[in-house]
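> Sequence first, then the predicted structure, then my questions.
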Amino acid sequence: MAGEPGPGRNDDHRLADSLRAGDVIALTEVYDTYAPFLYDYCHGLLRDRVEAAGALRNVIIAAREHVVRLTEPERLRGWLYAIARKECMRRRDSPNRHLGQEAPEAEDDLTPEQLARREERRLLAHSALAALNGRQREAIDLSVRHELDEVDVCGVFGIPLEETLALVEKARDDLAAALRAALIAQNHWKNCPSVAALTESWPLTPQTSASLVRHVASCPVCAEQETPPLPPDRLLSVLPIAAIPADLRLDVLTAATAEDRAGNRRAIAAWTEPFDEYGWPLPYEPTAPRARDRAPRRRGPVLAAVAVGAGMLILCVGAWSWLHSGNDGTNAAANGPSVGDSGSPGDSSGPDPLPSDPSPTVTSPSPTGSKSPSKSPSPSKSPSKTPTSRPPTTPTTRAPEPPRSGRLSVSGCAMGKDDSCTIRITAVGGAVNWRVTGTSGELRASGGGRLSQGESASVTVSRTNVICWGRKSGSVSFSPGGTAGVSYC
């Protein structure tokens, strides 16, 4: 219930068919129908009005570009939420995302007395929701406030329908238990010293709320307390709704239809890929930085020198062992070093530490009951070296010369009215280990890796402002040195 109830399945089917036919008027109707709901959902995941506006713009663009993939047009609304979640997870994974500007609350014509009662009910709702984990809170939000059914929710999360049904049912049961515990803490705390000790501050923190639920479940005094029934839809209806910016409509529709921004739309649409056989986007998976993928190469000269000396020692020890014991020896240390994965930056694939944000998941999608979870990729095989009978060469006493370090040559770019442009970087005078160290202006960029002598790479820089007014400029800084100028708007 992020606003008024959503459209019916017939409207979904009609709007999806109109979008497939390329009807520009239908795109306007899609925005007017779904944008307030989607903006509130994106803002709940990103907690920033600038990021939420950018996410909504990309959702509308991606929906127009990919609507032909959707095999069930009557589920257009849930499909839009799936695109929105993937876009938000991608933005949450960016180290340069915009932070700290939450959207104002949508205005309501309430009297001071009604506002006071609503604030009291909000404290109760926050205290009850604090006992749930992030994934449960998001499932409740989608199914209760945004009125998506379980089939749509499983498509949004990218999990099998059976798992979705269990998730939603467990979330509702846990919310009911947490709500009863919160009502006891609110109205009957004097009857139980333990409850009074747990609820000295209000609203309850996640740790306190979870402890309170466990106490109420085992306390005979609390079991006798009566609490009024409060359905989840009434409880959550008092939560704030993010107000969508009034000037966002023109910016989104222009970005989605202007002829000179077709290339930018194709790039945005590519971020939503890949899709499953039903046309629903697969969950977002963070991409490992190039520096991590290529880390073993930087240690190659050192490992080669060590391997020569270790090879002679291994052959000598192995021969001595064979002559004296008659058994074949194995050398577990002969394999190459394993590269440890420290995890991707951001919080797109694990639990979110913020109590108000749901935890993103990375699982296989299954938007309909007939779908089954996709198979997890098998672990990649690590190449192992096998000893040969060829005698080792005599190592020279001369130490290998260290590779020459180069410098980074960068060239700026101009995006004009587009949302992004490409900076080109080149290694000059030797190999370079590079990374983006920061940006100035309303810009976002990230990346890093290693370039050999003369090798070049491209870095995409995008603007974070929603509306372009006048000509603006900023810069992207690199390590080991170099700054690229960027103009936009």
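Looks like it came in fine. Residues are numbered from 1 along each chain as shown.
> can you pull the buried residues of stretch 63-81?
63-67, 69-70, 72-81 (16 or more other C-beta atoms under 10 Å). Bear in mind the C-beta positions are built from the backbone N, C-alpha and C, glycine included.
> which ones among these are found in helices?
If you go by DSSP state H, these have 63-66, 76-81 in helices.
> Can you lay out those residues as CSV showing distance to V50?
Below are those laid out as CSV (distance: C-beta to C-beta, whole Å):
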residue, distance to V50
A63, 21
R64, 22
E65, 23
H66, 24
L76, 27
R77, 25
G78, 26
W79, 25
L80, 20
Y81, 21
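> Buried by neighbour count: which residues of stretch 95-104 qualify?
So for stretch 95-104, counting by 16+ other C-beta under 10 Å, buried means 96-98, 103.
> Work out which residue lies at the spatial centre of this protein.
M89 (1.9 Å; C-alpha atoms, centre = their mean).
> Please tell me how far that one sits from Y284.
M89 is 4 Å from Y284, where distance means C-beta to C-beta, to the nearest Å.
> how long is stretch 138-154 end to end?
Using C-alpha to C-alpha, to the nearest Å, the end-to-end distance of stretch 138-154 comes out at 12 Å.
> hmm, who's touching the helix or strand that T426 is a member of?
Assigned by DSSP states H and E, T426 belongs to strand 420-428. Residues from elsewhere that reach strand 420-428 (C-beta atoms under 8 Å, 6 or more residues apart in numbering): 264, 267, 406-415, 434, 445, 451-463, 476, 478, 482, 484, 486, 488.
> State whether L239 and L123 are indeed in contact, as I suppose.
No. With contact defined as C-beta atoms under 8 Å, L239 does not reach L123; the gap is 11.2 Å.
> Same drill for the two, tell me which one is more crowded.
L239 (19 against 15; other C-beta atoms under 10 Å).
> mind checking the SS state of the more buried one?
coil (DSSP: H, G, I helix; E, B strand; the rest coil).
> I'd like to know how far it sits from A445.
Counting by C-beta to C-beta, the gap from L239 to A445 is 35 Å.
> for R64, same thing?
Counting by C-beta to C-beta, the gap from R64 to A445 is 26 Å.
> repeat for C421
From C421 to A445 the distance is 10 Å (C-beta to C-beta).
> Ok, E163 next?
37 Å.
> Same check on A269?
From A269 to A445 the distance is 20 Å (C-beta to C-beta).
> Please compare the two by neighbour count and tell me which comes out ahead.
Of the pair A269 and A445, A445 is the one with more neighbours under other C-beta under 10 Å, namely 23 against 16.
> G406 is in contact with V432, correct?
Yes. Assessed by C-beta under 8 Å, V432 is found in contact with G406 at 4.8 Å.
> thinking again about what came up before, now name the helix or strand holding the residue nearest to the centre of the chain.
Using DSSP H and E, M89 falls in helix 76-92.
> One more: P228?
With DSSP H and E as the test, P228 turns up in no helix or strand.
> Please tell me how far it sits from R20.
Where R20 is concerned, P228 sits at a distance of 49 Å (C-beta to C-beta).
> Of the two, which one has the most company?
R20 (15 against 7).
> quick one: contacts for the more buried one?
67-68, 73.
> Out of the residues you listed, which comes closest to K472?
V67 (33.1 Å; C-beta to C-beta).
> buried ones in stretch 142-154?
Buried residues in stretch 142-154 (16+ other C-beta under 10 Å): 142-146, 148, 150-154.
> actually stretch 28-46, not the one I wrote
29-31, 33-46.
> As PDB, could you dump the C-alpha coordinates of it?
C-alpha atoms of stretch 28-46 as PDB (Å, rounded to 0.1, in the frame of the first residue of the first chain):
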ATOM      1  CA  THR A  28       3.600   7.700 -20.200                       C
ATOM      2  CA  GLU A  29       0.700   5.700 -18.800                       C
ATOM      3  CA  VAL A  30       3.200   3.200 -17.400                       C
ATOM      4  CA  TYR A  31       5.000   5.900 -15.600                       C
ATOM      5  CA  ASP A  32       1.900   7.500 -14.200                       C
ATOM      6  CA  THR A  33       0.600   4.100 -13.000                       C
ATOM      7  CA  TYR A  34       3.700   2.500 -11.500                       C
ATOM      8  CA  ALA A  35       6.300   5.200 -10.900                       C
ATOM      9  CA  PRO A  36       5.100   6.300  -7.400                       C
ATOM     10  CA  PHE A  37       5.200   2.700  -6.200                       C
ATOM     11  CA  LEU A  38       8.500   1.900  -7.800                       C
ATOM     12  CA  TYR A  39      10.100   5.100  -6.500                       C
ATOM     13  CA  ASP A  40       9.100   4.300  -2.900                       C
ATOM     14  CA  TYR A  41      10.500   0.700  -3.300                       C
ATOM     15  CA  CYS A  42      13.800   1.900  -4.700                       C
ATOM     16  CA  HIS A  43      14.100   4.600  -2.000                       C
ATOM     17  CA  GLY A  44      13.600   1.900   0.600                       C
ATOM     18  CA  LEU A  45      16.500  -0.100  -0.800                       C
ATOM     19  CA  LEU A  46      18.800   2.800  -1.500                       C
END
